[in-house]
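> Sharing a sequence plus its predicted fold:
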Amino acid sequence: HGRCTHVVFSLAVTGVDITNLDGLSGLVHVELLNLSSPNLTNITGLSTLQSSAGVLIDNTSLSNLNGLSGLTSLLVLNLQNNVVLSNLGALSGLATLTNLFIGNNDALASLGALSGLTSVEDFRIWNNDALENLDGFSALKTISGDIAFFENPILTSVSGLSNVSGFQSVEVRQNPLLTSLAGLQVSTSLTGLIVEDNDLLTDVDPLAGLASVGSINPAMRIVGNDNLADLDGLGSLVSLDTDLIVNNNSILGDCSALFTLLDDVDDDLMGPGPGGAGIPDVNGDVNVSFNQEGCNSISEILEGPAINPFETIPGGPVTQGSIIDIEGVASDIGRGDSNVINVEYAVDFGPWTGATPVDGNFDSPTEAFQGFVDTSALEIGTHTVCARAEDALGNLGQRCILFEVVEGAIDGEWMIVCRHVPLWPQPGETVQI
């Protein structure tokens, strides 16, 4: 009899006495391959394998995957509980993958062998004790589903994902050495967001431009990040279809970026609220607590001067190289009636620039302000401009809007003016955010 070359169902290798797969030599296809034999040390017997829908490898003795170099496409790659696995070099030819799950691999220090991947649907990396970064994904352009990295004790950077876009949900949890989310190119909407227990994380600025979060999770959570000082990257958020939990962030004292989401203005007329908290833009309850003063309740966040919703005239995209004139009004009326003493604005959460008071001085409870943005240095695409006002008691109020920079000549000028009709911008229309 000849050797079996095709297995149309699953093949599970689980016996404790199995140390190699030499007996599988000649196998070309297996629908699902499960390698869970704890004493398996060599899988070169699979060197003729050319195709499979999914591979699960879960054992304590395998240090490399030599034998899988013929695989170029998988629906699922699940590598977990491989305590001595340190080399993924045999997977360097893998170009197409739907679901990538890599967890509890104590010796795995690099994912660089997966550099041929161009797209993934779900991407989950967890509890890999030796993994410091996600470098090596230079060809990866799209993660169309969920991305999660959690419980990786020495992970310091996710910048290796800087070429990737398309995430549907983001979970960043219990990575104690992670200092930044730089590398996450988040779109304007997510189905879920969790940023929790990342002890050294200092900001969420890479989330800039995020306008809506859905209900895939029971709550949007910003919790237990001990070095997180502000939430400026969430300044564009105007729609939340679940609960909001922001608590136990030890030094977080500036939550003014949530002003637009939590105030009584319905910024998203098609939006989800009001939910249990009675907030037009939030379809759920809100728990803001156990942070620093200024970020311990909805009322503390809303104590700062209100910057009324911006309107764009005539609306539509901005031609690269043009000047955006900014006009607005900051008011502390009904919020303590203190004087507005300063207004600043920033593009894409960069450095703050002082706005100019229309009447010459910031010295009254209501102040009109002006500024401008030169778009010459901005890339083609979507950008964020935020205005932040401070009253005499040090309370801050903030509001952000999105605008699009395009190539080519477009008639008219983009001006931002204070109004009260919240709409999303549509090309060629007078609109408001």
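Received, thanks.
> same question for stretch 206-225, mean pLDDT?
Stretch 206-225 shows a mean pLDDT of 91.
> Quick one: end-to-end length of it, please.
Counting by C-alpha to C-alpha, to the nearest Å, you get 16 Å between the two ends of stretch 206-225.
> Tell me how far that stretch lies from the chain's centre.
8 Å (C-alpha atoms, centre = their mean, to the nearest Å).
> What residues sit buried inside it?
Buried residues in stretch 206-225, counted by 16 or more other C-beta atoms under 10 Å: 206-215, 217, 219-225. For glycine as for every other residue, the C-beta is placed from the backbone atoms N, C-alpha and C.
> So which of those residues belong to strands?
212, 213, 219, 220, 221, 222, 223 (DSSP state E).
> I figured the fifth one hits residue 242, correct?
No. Under the criterion of C-beta atoms under 8 Å, residue 221 lies out of contact with residue 242, with a separation of 9.8 Å.
> ok, the residue lying closest to residue 229 once chain neighbours are set aside - contacts?
In space, residue 229 comes closest to residue 251 once its chain neighbours are excluded; the distance is 5.5 Å by C-beta to C-beta, 6 or more residues apart in numbering. Contacts for residue 251 (C-beta atoms under 8 Å, 6 or more residues apart in numbering) come out as 226, 227, 228, 229, 292.
> any idea which of these is closest to residue 95?
Of all these, residue 228 has the smallest distance to residue 95: 37.6 Å, by C-beta to C-beta.
> of the contacts of residue 251, closest to residue 53?
Looking across the contacts of residue 251 and measuring by C-beta to C-beta, the closest to residue 53 is residue 228, at 41.1 Å.
> which residues of the stretch 51-200 of the chain fall in strands?
Secondary structure of the stretch 51-200 of the chain, counting by DSSP state E, counting those that start in this stretch: strands at 51-57, 73-80, 96-103, 119-120, 122-126, 142-143, 146-150, 169-173, 189-190, 192-196.
> Please identify which of those strands is closest to residue 267.
With C-beta to C-beta as the measure, strand 189-190 is the member of these nearest residue 267 (14.2 Å).
> Need the residues that contact that closest one.
Contact partners of strand 189-190, identified using C-beta under 8 Å, 6+ apart, comprise 167, 168, 169, 170, 210, 211, 212, 213, 214.
> Quick one: mean pLDDT for that strand?
Strand 189-190 comes out at a mean pLDDT of 92.
> Stretch 384-393 too?
Mean predicted lDDT for stretch 384-393 stands at 85.
> if we can go back for a sec, mean neighbour count and distance to residue 20 added to the strands of the stretch 51-200 of the chain, as CSV?
Below are the strands of the stretch 51-200 of the chain laid out as CSV (neighbours: other C-beta atoms under 10 Å; distance: least, C-beta to C-beta, whole Å):
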stretch, mean neighbour count, distance to residue 20
strand 51-57, 19, 14
strand 73-80, 19, 19
strand 96-103, 20, 24
strand 119-120, 20, 31
strand 122-126, 21, 29
strand 142-143, 20, 35
strand 146-150, 21, 33
strand 169-173, 20, 38
strand 189-190, 18, 45
strand 192-196, 22, 42
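> Make CSV from those and add distance to residue 358 to it.
Below are those laid out as CSV (distance: least, C-beta to C-beta, whole Å):
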stretch, distance to residue 358
strand 51-57, 64
strand 73-80, 59
strand 96-103, 54
strand 119-120, 50
strand 122-126, 49
strand 142-143, 46
strand 146-150, 45
strand 169-173, 40
strand 189-190, 35
strand 192-196, 37
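> For residue 317, find the nearest of those.
Closest to residue 317 of these, according to C-beta to C-beta: strand 189-190, at 19.5 Å.
> secondary structure class for the nearest residue to residue 21 once chain neighbours are set aside?
Take residue 21 and drop its neighbours on the chain: the residue closest to it by C-beta to C-beta, 6+ apart is residue 45, 3.6 Å away. Remark: residue 45 carries the secondary structure label helix [criterion: DSSP: H, G, I helix; E, B strand; the rest coil].
> Helices along this protein, start to end?
Using DSSP state H, the helices found in the chain span residues 259-262, 298-301.
> List every C-alpha atom in the last one, with coordinates, as PDB.
Once side chains and other backbone atoms are set aside, the C-alpha atoms of helix 298-301 remain, and they are given as PDB (Å, rounded to 0.1, in the frame of the first residue of the first chain):
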ATOM      1  CA  ILE A 298     -18.900  63.500  34.600                       C
ATOM      2  CA  SER A 299     -19.500  66.800  36.400                       C
ATOM      3  CA  GLU A 300     -15.700  67.300  36.900                       C
ATOM      4  CA  ILE A 301     -15.100  66.700  33.200                       C
END
